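Student: sequence? don't have it. structure:
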């Protein structure tokens, strides 16, 4: 195979080529990926170059390794469309699947300065802190921490937090949700999150921070979601 | 200072606390950050913990190191709002700055299968391939590769590509742009891009892939942008 440098590192070119072959369906999801030796021969490059290329493909989530069994092609990413909006949940439901939740920790904490400012409450006010993992197809998709002021959902219990918190606020506490403000940044998976989401430390992921408001512009919840980059992507359509 | 574990790694808690102090303005952009020894003492934790916390802050772009001079607090991130749309360019112009471009490579290539499919042209058709770096405040913000079919902008020259390609297509080639489809994924900076954007290998960044269409639904360009995660974030407002 003819691999030209085009002014970028050789392993990057090899990685791009392999990525292209995956996208074109030459290697299918779940299928075993060629060995390092096979790839060295195929591309006429060194084992170091192949390892760097495979490592990058792994970190971007296009392939994954199973100890003692080899390397396999990942499933396609789940999509969340930002504009027009279509959630991971909608996307999953479209193929008859559910977004499952597991509550890891449920506590009531005292609002510190930063939280008080964000939620427009007084410092020391009681706030629910809910740590959850959400699963798609029984595989962890995201880790989230949600803060809800006590006065918004007084007496909330851990058991009530296994489904949609938006539905809960609306149906049980009769509060109309108006809109949310989201901000997105790329971050690396650290040690603690690595265990929760079952991905390597240092894998790229999304950090999505959201503040949700009521019809009367009162902040209802503030959440941080760490979303696996190897399982999810965001799309948007934009008029020009 | 009282640092509780809350079930996550200690360095993560220290990192969060330091991040909070930066956000609250206790350490200002451009200002020197405390030394490792100072922080060990302040938080009563080991040097290893402080190093892990500082490393994470660095990779997320909240602080940066200058060889021989110490550690400093980063500038706030540039924002691109997805919905309602407000570009990095608008954001910069709002404070009297420009988004500058530098063309690294300008070539005409033959469309491979993947490119032909995306741009809805025949394989082997001529396509402009434009590699650029875009700068905000004279610091690299993003690296991009843009593909434009020859027949859309026949005879395009390198010199014409130092500004907005959208404006060029519209003004010089009289084609009305209709909309674009974008998809966003988190990736790691690799060796080649690291040199272009002047960030460490392995730093988290956005990969933004865009296909732009004309009013008659013809693909006009296809681009990949790698955007520095330490300099940019995306925001969106969503009705509920």
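Tutor: Nice, thanks for sending it over. Since the model is a prediction, treat every value here as computed from it, not as a measurement.
Student: so what's the nearest residue to residue A:239 once chain neighbours are set aside bridging to?
Tutor: Nearest residue to residue A:239, sequence neighbours excluded (Cβ to Cβ, 6 or more residues apart in numbering or on different chains): residue B:179, at 5.1 Å. C-beta: built from backbone N, CA, C; applies to glycine. With DSSP bridges as the criterion, residue B:179 is bridged to residue A:239, residue B:213.
Student: I'd like to know how many residues surround residue B:179.
Tutor: 14 (other Cβ atoms under 10 Å in any protein chain shown).
Student: Could you list which residues are in contact with it?
Tutor: A:237-240, B:212-213 (Cβ atoms under 8 Å, 6 or more residues apart in numbering or on different chains).
Student: now the residues you listed: which count as buried?
Tutor: Buried residues within the contacts of residue B:179, defined by neighbour count using 16 or more other Cβ atoms under 10 Å in any protein chain shown: A:238, B:212-213.
Student: can you give me how far stretch A:33-52 is from the chain middle?
Tutor: Offset of stretch A:33-52 from its chain centre (Cα atoms, centre = their mean, to the nearest Å): 30 Å.
Student: Name the residues of that stretch that are buried.
Tutor: Here stretch A:33-52 shows A:33-34, A:39-40, A:43, A:45, A:49-50, A:52 as buried, counting by 16+ other Cβ under 10 Å.
Student: May I see the buried ones among the contacts of residue B:179 organised as TSV, with distance to residue B:27 and pLDDT added?
Tutor: Shown next, in TSV, are these (distance: Cβ to Cβ, whole Å; pLDDT from 0 to 100):
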residue	distance to residue B:27	pLDDT
A:238	36	88
B:212	41	97
B:213	45	97
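Student: okay if I get those as JSON lines plus distance to residue A:105?
Tutor: Below are those laid out as JSON lines (distance: Cβ to Cβ, whole Å):
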{"residue": "A:238", "distance to residue A:105": "38"}
{"residue": "B:212", "distance to residue A:105": "45"}
{"residue": "B:213", "distance to residue A:105": "46"}
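Student: all strands of chain A, in order?
Tutor: A:63-66, A:70-73, A:78-83, A:99-110, A:126-136, A:139-149, A:177-188, A:204-214, A:219-228, A:232-239 (DSSP state E).
Student: In TSV, list the ones you listed along with distance to residue B:227.
Tutor: Formatted as TSV, those follow (distance: least, Cβ to Cβ, whole Å):
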stretch	distance to residue B:227
strand A:63-66	24
strand A:70-73	27
strand A:78-83	16
strand A:99-110	28
strand A:126-136	26
strand A:139-149	22
strand A:177-188	9
strand A:204-214	13
strand A:219-228	17
strand A:232-239	13
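Student: for chain A, which spans come out with low pLDDT?
Tutor: A:1-9, A:67 (pLDDT under 70).
Student: From what I see, residue A:182 and residue A:206 are in contact.
Tutor: No: between residue A:182 and residue A:206 there is no contact under Cβ atoms under 8 Å: 10.5 Å.
Student: which one of those two has more residues nearby?
Tutor: Neighbours per residue, other Cβ under 10 Å: of residue A:182 and residue A:206, the larger number sits with residue A:206, 24 against 19.
Student: residue contacts, that one?
Tutor: Taking Cβ under 8 Å, 6+ apart, one finds A:184-187, A:225-227, A:229, A:232, A:234, B:186 in contact with residue A:206.
Student: near chain B at all, stretch A:171-178?
Tutor: Yes: Stretch A:171-178 lies within reach of chain B by Cβ under 8 Å from any Cβ of the partner chain, at A:177-178.
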